[in-house]
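the following comprises the amino acid sequence and a computationally predicted model.
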Amino acid sequence: EDQVTQSPEALRLQEGESSSLNCSYTVSGLRGLFWYRQDPGKGPEFLFTLYSAGEEKEKERLKATLTKKESFLHITAPKPEDSATYLCAVHNQAGTALIFGKGTTLSVSS
Amino acid sequence: NAGVTQTPKFRVLKTGQSMTLLCAQDMNHEYMYWYRQDPGMGLRLIHYSVGEGTTAKGEVPDGYNVSRLKKQNFLLGLESAAPSQTSVYFCASTPRRSTDTQYFGPGTRLTVL
């Protein structure tokens, strides 16, 4: 069964305290792994797409990496404005739909 | 470009009432999707469309109907609302292929009493 599991469910950091969010997946024939950011009351905002193991992408304080079984979203020196829920998703085997994890809610305090 | 827009933003219904949620995109995208998001469940696909005049069922289609009469619009209908349909509904679209990045609208918060 195609599945996406994110951990931890919630993460509290102090400003400047770097950490990583995990997304593990089981799907046959990965067609893309997606990271989104979702602020309260808003729709998911696209961050990154990764397609093959070893691939890395960066945007400001965020860096996404991909292995054959999981992806990490590394947050370096986070700021309070990085507080949000981060969602991970992969395409199902047929490529017709995204399967989302339940998300990691990040809180960064100053 | 406005991107993906959804109307209404909020709605309260009584059990048994009907309503239609409208999703519009001005990016000339081929594929459009309707998801629902519930606490502890993540986003789940209700229905999707691979082009004008086409629709297909997703993971949780029961109790919903959809139509895509125009390429830029994707409508989600509830014929007889139930409390279990209380949720936040998101529309998304992709340019050409189903494996392209999906871009989401701002959501509609629906409460069924």
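Cool, the structure landed. Here the structure is a predicted model, which means the values were calculated and not measured.

any chance you could map the strands in chain B?
All strands of chain B, identified by DSSP state E, fall at B:4-7, B:10-13, B:19-25, B:31-38, B:42-49, B:56-57, B:65-67, B:73-78, B:87-94, B:103-104, B:108-112.

now the end-to-end length of stretch A:77-94.
38 Å (C-alpha to C-alpha, to the nearest Å).

make that stretch A:71-88, sorry
Start and end residues of stretch A:71-88 are separated by 9 Å (C-alpha to C-alpha).

which other residues reach it?
Contacts to stretch A:71-88, defined as C-beta atoms under 8 Å, 6 or more residues apart in numbering or on different chains, come from residues A:4, A:6, A:13, A:15-23, A:25, A:33-39, A:44, A:47, A:50, A:61-65, A:100-101, A:103-110, B:42-43. For every residue, glycine as well, the C-beta is placed using N, CA and C.

next, the buried residues of that stretch.
Using 16 or more other C-beta atoms under 10 Å in any protein chain shown as the test for burial, stretch A:71-88 gives A:71-73, A:75, A:78, A:82-88.

same thing with stretch B:97-113?
Here stretch B:97-113 shows B:98-99, B:101-105, B:107-108, B:110, B:112 as buried, counting by 16+ other C-beta under 10 Å.

where does chain B get nearest to chain A, which residue?
Of all residues in chain B, the one sitting closest to chain A is B:Phe104 (3.8 Å; C-beta to the nearest C-beta).

residues in contact with that residue?
With contacts defined as C-beta under 8 Å, 6+ apart, B:Phe104 is in contact with A:36, A:43-46, B:4, B:90-92.

check B:Asp100 too.
Residues in contact with B:Asp100 (C-beta under 8 Å, 6+ apart) are B:31, B:94.

likewise A:Gly103?
Applying C-beta under 8 Å, 6+ apart to A:Gly103 gives the contacts A:6, A:9, A:38, A:85-88, B:42.

picking that back up, let's have the strands of chain B in CSV, adding mean pLDDT.
Below are the strands of chain B laid out as CSV (pLDDT from 0 to 100):
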stretch, mean pLDDT
strand B:4-7, 97
strand B:10-13, 97
strand B:19-25, 98
strand B:31-38, 96
strand B:42-49, 94
strand B:56-57, 95
strand B:65-67, 98
strand B:73-78, 98
strand B:87-94, 97
strand B:103-104, 95
strand B:108-112, 98
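
can you put the ones you listed in CSV and add distance to A:Ala94?
Listed next are the strands of chain B as CSV, based on distance: least, C-beta to C-beta, whole Å:
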stretch, distance to A:Ala94
strand B:4-7, 23
strand B:10-13, 32
strand B:19-25, 23
strand B:31-38, 13
strand B:42-49, 12
strand B:56-57, 11
strand B:65-67, 19
strand B:73-78, 20
strand B:87-94, 15
strand B:103-104, 21
strand B:108-112, 27
